[in-house]
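> Got a sequence here, can you build the structure:
(chains A and B)
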Amino acid sequence: MAGDSGALTELRRGVLGPCVLALLELRPRFGLELVRDLAAADGLLTSDGTVYPLLNRLRDAGLVTSEWRDDEGERARRYYSITEAGRQSVKAFRVDWAQFAATVGAVVNHTAPGGDAVEAINEGDER
Amino acid sequence: MSRTALDHELVRVYLYRLDYAMRGLPAARYQELKDQIQAHLADELPADADDAQVAAALDRLGTPADLAADAKADLGPTVRAAVAASARRKWARITGARLRTKLTAAVIVLGLITGGTYLGILLSAPMLVFGSDSVPWYPQDADHQTFASADGAQQDTFPIRSGQRQGMLFGIYNPSNFTETVLGPVEVYGTNLVFGAGGFDQTTVGVSVPDRAIDRGGTTRDVAFTLPESIPPHGYRLLRITWRSTMCLEGKGSGFTINNLYLRVRIGWFTRTDVIALGFGWGLSGPSAGVNTPLGRQGTCI
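Numbering: from 1, shown residues only, chains lettered A, B, ... in the order given. Model (predicted):
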């Protein structure tokens, strides 16, 4: 992926969980379905396999549950659903993310209080 | 069974590599992740997916090593340490098992070599030998013993008493470095062949406890004779054999010569037949009190 970096990878890893919860907030999904939806949001997935350890971690944290469904004409699939704790977690993340994104945006765009200091640092780097 | 994408060779290799990469994970977590990956591939790939399709799907999935690293990262530092310790213990068990297997194999080989050598030494141990002296057990036979020549050879001889119990006392020596235990006479189909020939019945064999010199004066009467009885390395014992002759010897000058004794002997765990050569031998001389052979139904020669 063009422009990818270690920092972006870490950032992606950090936000992937809330993104999965947000998708499950709309409706239960099975593994490949989740992967495709996340992949459709460009840049969120570095690899499809990443989703499964994450789902297990969310399940261990009580944020999602899973159940096998054997729909007629379809092969049995494990569907993941969000729990109430998961919904609360997404809700809290939206608030945190909005604040965090604004803060980061302000800093990197030199619009935050203390932007002079940041500028000075940047200028020092250039020298 | 219908073929699925999971049967594709590339998928099987991938899953095999995943197995290897996930070693050390708790079994339940490992199995769960493997099930998820298999379900993902089964959903994504058609049963007749070609190599390019499979390779692309596996590439999107990420390497088995990355997947396993993600799974282990989920466990947290404490569990990760436990997993690492578990992997180390497993490796130690494997290497320990390998070492134990090698040691066991070495012990078995060494045991076989030692056992084979031991068996060879045992079975090649010298047989019991005649102690160069013998004497009739019963006084009436000793009184009539003669040193005679027969067929150009010399031997001790005493008259046969057909149908009656007679006996001989032999000095025997164990020349080996092992204890040899006399078990009894050689028997073939239930027939006692301590002399290597028929013509005798009601035969008894005993070995003295302990060693005694053959005394022609008859003082060996207080010696106990038992079976089985062990003869220590380089030890001497008396061997007493009694029998009843079931044959009759016709005519003056007739005789029956005994050259060897045949005994069952145990050395260590093994049993073998020892043939004790009597050197110049000894013989029973005729004639019996009668002319018929073998012994009549009344136990006498007619």
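> quick one: contacts for the closest residue to chain A within the stretch 151-300 of chain B?
Closest contact between the stretch 151-300 of chain B and chain A, by CB to the nearest CB, is at B:Trp269 (61.4 Å). All C-beta spots, glycine's among them, are computed from the backbone N, C-alpha and C. By CB atoms under 8 Å, 6 or more residues apart in numbering or on different chains, the contact list for B:Trp269 is empty.
> Now do it against B:Tyr118, distance only.
As for B:Trp269, its distance to B:Tyr118 is 9 Å (criterion: CB to CB, to the nearest Å).
> Check B:Thr157 too.
Taking CB to CB, one finds B:Thr157 at 43 Å from B:Tyr118.
> what does B:Trp243 give?
36 Å.
> which one of those two has more residues nearby?
Applying other CB atoms under 10 Å in any protein chain shown to B:Trp243 and B:Tyr118 shows that B:Trp243 carries more neighbours, namely 21 against 14.
> quick one: secondary structure of the more buried one?
strand (DSSP: H, G, I helix; E, B strand; the rest coil).
> which non-adjacent residue is nearest B:Arg12?
Of all residues not flanking B:Arg12 in the chain, B:Leu6 sits nearest, at 7.5 Å (CB to CB, 6 or more residues apart in numbering or on different chains).
> doesn't that neighbour fall inside a helix?
Yes - counting by three-state DSSP, one finds B:Leu6 located in a helix.
> Surely it and B:Asp43 touch.
No - here B:Leu6 does not reach B:Asp43: they are 11.0 Å apart, not a contact under CB atoms under 8 Å.
> Quick check on the residue of chain A found nearest chain B: phi, psi?
Per CB to the nearest CB, A:Ser47 is where chain A lies closest to chain B, at 3.0 Å. A:Ser47 adopts backbone torsions of phi -150, psi 150, taken as degrees, to the nearest 10.
> In contact with it: list those residues for me.
Here A:Ser47 is in contact with B:60-62, B:66-67 (CB under 8 Å, 6+ apart).
> again, but for B:Asp66
B:Asp66 is in contact with A:47, A:49-50, counting by CB under 8 Å, 6+ apart.
> Give the rounded mean pLDDT of the helix or strand hosting it.
If you go by DSSP states H and E, B:Asp66 is part of helix B:64-73. For helix B:64-73, mean pLDDT rounds to 87.
> Tell me which stretches of the chain form strands.
Just so you know, I chose chain A. Along chain A, counting by DSSP state E, strands occupy A:29-30, A:64-69, A:77-82.
> My question was about chain B, not that one.
B:129-136, B:146-150, B:153-159, B:165-173, B:180-185, B:187-188, B:191-192, B:200-209, B:224-226, B:229-231, B:236-245, B:255-267, B:270-285.
> okay if I get the ones you listed as JSON lines plus distance to A:Asn109 and mean pLDDT?
JSON lines is the format used below for the strands of chain B (distance: least, CB to CB, whole Å; pLDDT from 0 to 100):
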{"stretch": "strand B:129-136", "distance to A:Asn109": "113", "mean pLDDT": "80"}
{"stretch": "strand B:146-150", "distance to A:Asn109": "133", "mean pLDDT": "69"}
{"stretch": "strand B:153-159", "distance to A:Asn109": "129", "mean pLDDT": "77"}
{"stretch": "strand B:165-173", "distance to A:Asn109": "113", "mean pLDDT": "89"}
{"stretch": "strand B:180-185", "distance to A:Asn109": "104", "mean pLDDT": "92"}
{"stretch": "strand B:187-188", "distance to A:Asn109": "111", "mean pLDDT": "81"}
{"stretch": "strand B:191-192", "distance to A:Asn109": "116", "mean pLDDT": "77"}
{"stretch": "strand B:200-209", "distance to A:Asn109": "113", "mean pLDDT": "87"}
{"stretch": "strand B:224-226", "distance to A:Asn109": "112", "mean pLDDT": "87"}
{"stretch": "strand B:229-231", "distance to A:Asn109": "105", "mean pLDDT": "91"}
{"stretch": "strand B:236-245", "distance to A:Asn109": "113", "mean pLDDT": "89"}
{"stretch": "strand B:255-267", "distance to A:Asn109": "100", "mean pLDDT": "88"}
{"stretch": "strand B:270-285", "distance to A:Asn109": "97", "mean pLDDT": "83"}
